[in-house]
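**Student:** Just the structure for this:
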Amino acid sequence: MNVQHATDQRQWDNFLSSEQHRPFLQSWTMGEVYNDVKQKPIRLDVRDGDTVIGICQATLVPARRGRHLSIPYGPVIRKEHRKKAMPILITALKEEAEKQQCSFVRLSPFWLEDEEISGAKPAPMHLLAEHLWYIPLMECDPWTENKEGPMRAEEDIMKEMRKTSRNLIRRAGKEGVEIIRSENPMKDLPSFIELHEETRKRHAFTPYTNSFFEAQVKHFSARNECTMYKAMYQGELIACSIHMHAFGETSYHHGASTHKHSKIPASYLLQWTAITDALKRGDRIYNFWGISPEGVKNHPFAGVRTFKTGFGGKVLEIAHCMDVPVNSRYHLTRAFETLRKWRRGF
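**Tutor:** Below is the predicted model:
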């Protein structure tokens, strides 16, 4: 086995699309997004002879708390090869980290169970959501059964929803909410950003930068892998979302709404529209992304748990992210993040 820098987008994405779990954050296109926001991607593939058995896309994070390489929902390595491939990949990642003057490497693999990684330790904080709420859109569950089957019917998905959610979807339509699919997401992006800024102030979270939104919408919409949904009420935009649909999976990635019409359940109809669109495309999974673990009230995703789970579906718990220290400066980062986690209460 060997690790090398990847240069072939087609080969990279073909490998990702063949895996059971296909996080679009490890797609080649996502690397181009990072490149646009001055975080040059480091793309490595793992080969057994000439056959690609794994991919790993990292980005440099020049954080004040500790410069490091971040690997969102990666690496993606065939399960039967992980035991032999991971030590080789870790060595290559540490070499890249040293070149970039990083103190550690943070991996957040999309694995269903924790696996021992030589030289790694559990990170103090999560990198991405580790409790994912999703709806299987096939009769089987591709995320847990590793197979595919016929598509489910809209009626069956609707039946599994919480009664309140079903009623709110219908009520939004009766009250005149109209869901529009943007024909030009780049043109409509300023409206989304304005609404997102209002949402950020209301809920006090750290947002993505405007340049990140622009890069992501530009690159994914060019491949028809991004849809912006706009919820209109009385001629006014009151909710908006950006969904990615790549590799047979639709992900609810960004959302925003106004408090002005908070009693109008536009977001429910917006999500249902995105779900039915995913069914029509023949997608395998509708991924709502993160929710809080049950009973954890201080978790960053606690506020959206009731909304997302109301649509029915399942929770997928993935492995906690791991840190691979590169030098002694990592211990300062670890101490800082441990303190921050304690202060946040989770």
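
**Student:** Tell me which helix or strand the residue lying closest to residue 147 once chain neighbours are set aside sits in.
**Tutor:** Sequence neighbours aside, residue 140 is the residue nearest to residue 147 in space, at 5.5 Å (criterion: Cβ to Cβ, 6 or more residues apart in numbering). The way it works is simple: take the backbone N, C-alpha and C, and place the C-beta from them, glycine included. Here residue 140 sits in a region with no helix or strand, counting by DSSP states H and E.

**Student:** Neighbours of the residue lying closest to residue 337 once chain neighbours are set aside, how many?
**Tutor:** Closest residue to residue 337 apart from its sequence neighbours, by Cβ to Cβ, 6+ apart: residue 124 at 3.9 Å. Residue 124: 17 surrounding residues under other Cβ atoms under 10 Å.

**Student:** what do you get for residue 216?
**Tutor:** The tally of other residues near residue 216 (other Cβ under 10 Å) stands at 25.

**Student:** Can you name the element that comes right after whichever helix or strand it is part of?
**Tutor:** Here residue 216 sits within helix 210-222, counting by DSSP H and E. With elements assigned by DSSP H and E, the helix or strand that comes after helix 210-222 is strand 226-233.

**Student:** Could you pull up the mean pLDDT of that following strand?
**Tutor:** Confidence for strand 226-233, expressed as mean pLDDT, is 98.

**Student:** Tell me the helices and strands packed up against that strand.
**Tutor:** Secondary-structure packing of strand 226-233 (3 or more Cβ pairs under 8 Å, 6 or more residues apart in numbering; DSSP states H and E): strand 178-181, helix 185-203, helix 210-222, strand 236-246, helix 266-281.

**Student:** Show me which residues of the longest one are buried.
**Tutor:** Within helix 185-203, the residues scored as buried using 16 or more other Cβ atoms under 10 Å are 185, 188, 189, 192, 193, 195, 196, 199.

**Student:** Could you give the separation of that helix from the chain centroid?
**Tutor:** 19 Å (Cα atoms, centre = their mean, to the nearest Å).

**Student:** Kindly report the same for the third one.
**Tutor:** Distance, stretch centre to chain centre, for helix 210-222: 15 Å (Cα atoms, centre = their mean).

**Student:** The last one now?
**Tutor:** How far helix 266-281 lies from its chain's middle: 18 Å, per Cα atoms, centre = their mean.

**Student:** got the angle between that helix and strand 236-246?
**Tutor:** 30 degrees (axes from the mean of the first three to the mean of the last three Cα atoms, to 10 degrees).

**Student:** could you give the angle of helix 266-281 to strand 226-233?
**Tutor:** Per the same axes, to 10 degrees, the angle that helix 266-281 makes with strand 226-233 is 140 degrees.

**Student:** likewise the second one?
**Tutor:** Put simply, helix 185-203 runs at 60 degrees to strand 226-233, going by the same axes, to 10 degrees.

**Student:** Please enumerate residues in contact with helix 185-203?
**Tutor:** Residues from elsewhere that reach helix 185-203 (Cβ atoms under 8 Å, 6 or more residues apart in numbering): 182, 207, 210, 213-214, 217-218, 221, 226-228, 230, 237, 239-240, 242, 254-259, 303.

**Student:** now those: which count as buried?
**Tutor:** So, of those, 182, 213-214, 217-218, 221, 226-228, 230, 237, 239-240, 242, 254-258 end up buried under the neighbour-count rule (16+ other Cβ under 10 Å).

**Student:** The host helix or strand of residue 62 pairs with which strands?
**Tutor:** If you go by DSSP H and E, residue 62 is part of strand 51-63. Applying DSSP bridges, strand 51-63 is found paired with strand 41-48 (antiparallel), strand 66-72 (antiparallel), strand 76-77 (antiparallel).

**Student:** what's the offset of the longest one from the middle of its chain?
**Tutor:** With Cα atoms, centre = their mean as the basis, strand 41-48 stands 21 Å off its chain's centre.

**Student:** mean confidence score for that strand?
**Tutor:** Taken as a whole, strand 41-48 has a mean pLDDT of 97.

**Student:** Name the surrounding residues that touch it.
**Tutor:** Here strand 41-48 has contacts from 1-6, 11-12, 15, 28, 31-32, 34-35, 52-60, 69, 75, 77, 81, 85, 88-89, 92-93, 96, using Cβ under 8 Å, 6+ apart.

**Student:** Emit the ChimeraX select command for whichever of those are buried.
**Tutor:** Here is the ChimeraX command that selects the buried residues among those (16+ other Cβ under 10 Å):
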select :3,6,12,15,28,31,32,34,52,53,54,55,56,57,58,59,60,69,75,77,85,89,92,93,96
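
**Student:** Not counting its neighbours along the chain, what's nearest residue 254?
**Tutor:** Using Cβ to Cβ, 6+ apart and skipping residues adjacent in sequence, the residue nearest residue 254 is residue 242, 4.2 Å away.

**Student:** Does the one you found touch residue 221 like I think?
**Tutor:** No. Between residue 242 and residue 221 there is no contact under Cβ atoms under 8 Å: 9.4 Å.

**Student:** in the protein, which segments are predicted with low confidence?
**Tutor:** 344-346 (pLDDT under 70).

**Student:** Nearest to residue 174, out of the strands paired with strand 51-63?
**Tutor:** Counting by Cβ to Cβ, residue 174 lies closest to strand 66-72 out of the strands paired with strand 51-63; the figure is 40.1 Å.
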